[in-house]
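# can't give you the sequence, but here's the structure:
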């Protein structure tokens, strides 16, 4: 009988390099590292042989070159999440996550996304099987509506036992939902909407034709969301691409298209602050229509802040956290919007507003077309970030993780939600065969599988 593999340590010199190259490690005499992850397709890949199946903890000794970096980790060519390298001096061991591997040969790779890293070695250590930790499904708002509580109770029943199918739709008519139904014979259980056209700053003279078209087609999304809940009995999620409250061009929710200064907007009585509050109050009116109609909303504002490509993240985590908490207080305590289930997503703990302001933690992850990996490390990271207390959702994605891989890896995402346009359809991220297989997989919850969540009897 083969001896159990207790630990595997492999240096950069034992890996296959594509694009990257070996160089002497300036921090540790006698060792080498892989660097030069400059072009798409560059990677470092280690071949691994295990004598026995089991759970393993993966860590990678690496250095970030010139600030925080993010690159993709693949296991046997399946995307498992990102290697998120903090802005820190020198080489250090970065714990990536836990994975279950079968006896035999495997491959673990770090693939260039942002680049800017040097990698010295990989380490796998055998560990006991993890305990399944059950998150809390109570809501942070003590005055939460009955419909919101019923929806969270349903989530508690299916969490880890199935994944809710979702699809984001920027346009009110939701052509993606129609395309999925025609292709698979089924519909997503969750439909994502956007309040971008409800921003007061969405009507900018200097706007490209594509941006104007998106705003125009987005109008009526609140009414469409009400119909989705009341008539289709589907679940509603809403994000908000918040056009700059004061000045900007084209898609002014992007940092590149506005000079709006969040740090000034947090100072009372400034012009920026008045514009900010006016926008929040205007969006509260739109959200209140959903409350009046009895629609619980998976509300995901201020998303992807850690990337800094949106103005609400451009001034760093301190300003962002103040804005997030201000938005929560204003909508919850001033406007009494008790139908909102607060969904937060950014994979960096420095941006986490705290468990008193978040009901569900999420991550937005886009990988290469056709890579249907379970994103297990990203799931673990998001769960740990909130102290394992919150359910975790894949709040945006391109490629849909393979449901069988999700089950095998223990990546218990609550839902998936490809982006609009070709995110789930038209072959941009997923093949038609894959979408058909996903929507007909027993682990995937479609609209047809949902109980009538509009009824107090369920």
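Yes, it's here. Since this is a predicted model, take the numbers as computed values, not measurements. Numbering: from 1, shown residues only.
# Only C-alpha atoms from now on, for both contacts and neighbour counts.
Noted.
# Mind pulling up the pLDDT for the closest residue to residue 392 other than its chain neighbours?
With sequence-adjacent residues excluded and distances taken as C-alpha to C-alpha, 6 or more residues apart in numbering, residue 392 is closest to residue 361, at 4.9 Å. In this model, residue 361 is scored at 97, pLDDT.
# And residue 361, how far from residue 218?
26 Å (C-alpha to C-alpha, to the nearest Å).
# quick one, which of those two is more surrounded?
A count of neighbours by other C-alpha atoms under 10 Å puts residue 361 above the other of residue 361 and residue 218, at 28 against 23.
# Can you say which helix or strand has that one in it?
Assessed by DSSP states H and E, residue 361 sits inside strand 360-365.
# following that strand, which helix or strand comes up?
Immediately after strand 360-365, counting by DSSP H and E, sits helix 376-385.
# Tell me the buried residues in that following helix?
Buried residues in helix 376-385, counted by 16 or more other C-alpha atoms under 10 Å: 376-383, 385.
# what does stretch 42-59 give?
Buried-residue list, stretch 42-59, by 16+ other C-alpha under 10 Å: 42-46, 50, 52, 54-59.
# Which of those fall in strands?
43-46, 50, 54-59 (DSSP state E).
# Looking at those, spot the one nearest residue 421.
residue 43 (29.6 Å; C-alpha to C-alpha).
# still on that earlier bit, pairing partners for the strand holding residue 361, with directions?
Its sheet considered, strand 360-365 pairs with strand 340-345 (parallel), strand 392-397 (parallel) by DSSP bridges.
# ok, back up a step: columns pLDDT on top of the buried residues of stretch 42-59, output as CSV?
Shown next, in CSV, are the buried residues of stretch 42-59 (pLDDT from 0 to 100):
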residue, pLDDT
42, 97
43, 97
44, 97
45, 98
46, 98
50, 93
52, 90
54, 92
55, 93
56, 95
57, 94
58, 96
59, 96
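# out of those, what pair is the most spread apart?
42 and 52, at 30.6 Å, using C-alpha to C-alpha across the buried residues of stretch 42-59.
# Can you tell me which of the buried residues of helix 376-385 is closest to residue 134?
residue 383 (10.5 Å).
# And the closest one, how close does it get to residue 322?
From residue 383 to residue 322 the distance is 23 Å (C-alpha to C-alpha).
# same question, residue 188
For residue 188 relative to residue 322 (C-alpha to C-alpha), the value is 35 Å.
# Have a look at those two and say which one is more surrounded.
residue 188 (27 against 15).
# pretty sure that one is touching residue 446, no?
Yes - Residue 188 is within contact range of residue 446, at 5.1 Å (criterion: C-alpha atoms under 8 Å).
# any shared contact partners between these two?
Taking C-alpha atoms under 8 Å, 6 or more residues apart in numbering as the criterion, residue 188 and residue 446 both touch 164-165.
# Just the buried positions in the helix or strand hosting residue 319, please.
Applying DSSP H and E as the criterion places residue 319 in helix 317-329. For helix 317-329, a neighbour-count test (16+ other C-alpha under 10 Å) marks 317, 319-321, 323-324, 327-328 as buried.
# Show me the helices in this structure, by range?
Here the chain has its helices, by DSSP state H, at 146-158, 175-184, 209-218, 221-230, 262-265, 271-292, 317-329, 376-385, 403-409, 432-439.
# Show me which residues of the first one are buried.
Translated: helix 146-158. 147-152, 154-156.
# how distant is stretch 17-33 from the center of its chain?
Here stretch 17-33 is found 33 Å from its chain centre; the criterion is C-alpha atoms, centre = their mean, to the nearest Å.
# pLDDT weak spots in the stretch 351-458 of the chain?
422-426, 457-458 (pLDDT under 70).
# same thing with the chain?
Ranges of the chain meeting pLDDT under 70: 1-4, 26-30, 422-426, 457-458.
# how does it look with 50?
1-3 (pLDDT under 50).
# domains for it, by residue range?
7-127, 146-449 (automatic domain parsing).
# what's the closest of the ones you listed to residue 135?
domain 146-449 (4.4 Å).
# how long is the closest one end to end?
22 Å.
# Other residues contacting the helix holding residue 319?
262-263, 266, 280, 302, 305-306, 312-313, 350-353, 357.
# hmm, try it at 6 Å
313, 351, 353 (C-alpha atoms under 6 Å, 6 or more residues apart in numbering).
# hang on, the earlier thing: mind putting the buried residues of stretch 42-59 in a markdown table, distance to residue 110 included?
A markdown table is the format used below for the buried residues of stretch 42-59 (distance: C-alpha to C-alpha, whole Å):
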| residue | distance to residue 110 |
| --- | --- |
| 42 | 9 |
| 43 | 6 |
| 44 | 5 |
| 45 | 7 |
| 46 | 9 |
| 50 | 19 |
| 52 | 24 |
| 54 | 22 |
| 55 | 20 |
| 56 | 17 |
| 57 | 16 |
| 58 | 12 |
| 59 | 12 |
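# closest to residue 389 among these?
residue 57 (21.4 Å).
# Quick check: bridge partners of that closest one?
As for beta bridges, residue 57 partners with residue 98, residue 125 under DSSP bridges.
# List the residues that contact it.
Counted by C-alpha under 6 Å, 6+ apart, residue 57 has contacts 97-98, 124-125.
# Neighbours of residue 408, how many?
Here the number of neighbours of residue 408 (other C-alpha under 10 Å) works out to 12.
# And for it, nearest residue in space, chain neighbours not counted?
residue 100 (8.0 Å).
# try residue 116
residue 65 (5.1 Å).
# Can you report how many residues lie near that neighbour?
18.
# isn't it right next to residue 117, touching?
Yes - if you go by C-alpha atoms under 6 Å, residue 65 and residue 117 touch, sitting 5.3 Å apart.
# Which neighbours do the two have in common?
The contact lists of residue 65 and residue 117 share no entry, where a contact means C-alpha under 6 Å, 6+ apart.
# Distance of the residue nearest to residue 116 relative to residue 402?
34 Å.
# How about residue 445?
For residue 445 relative to residue 402 (C-alpha to C-alpha), the value is 14 Å.
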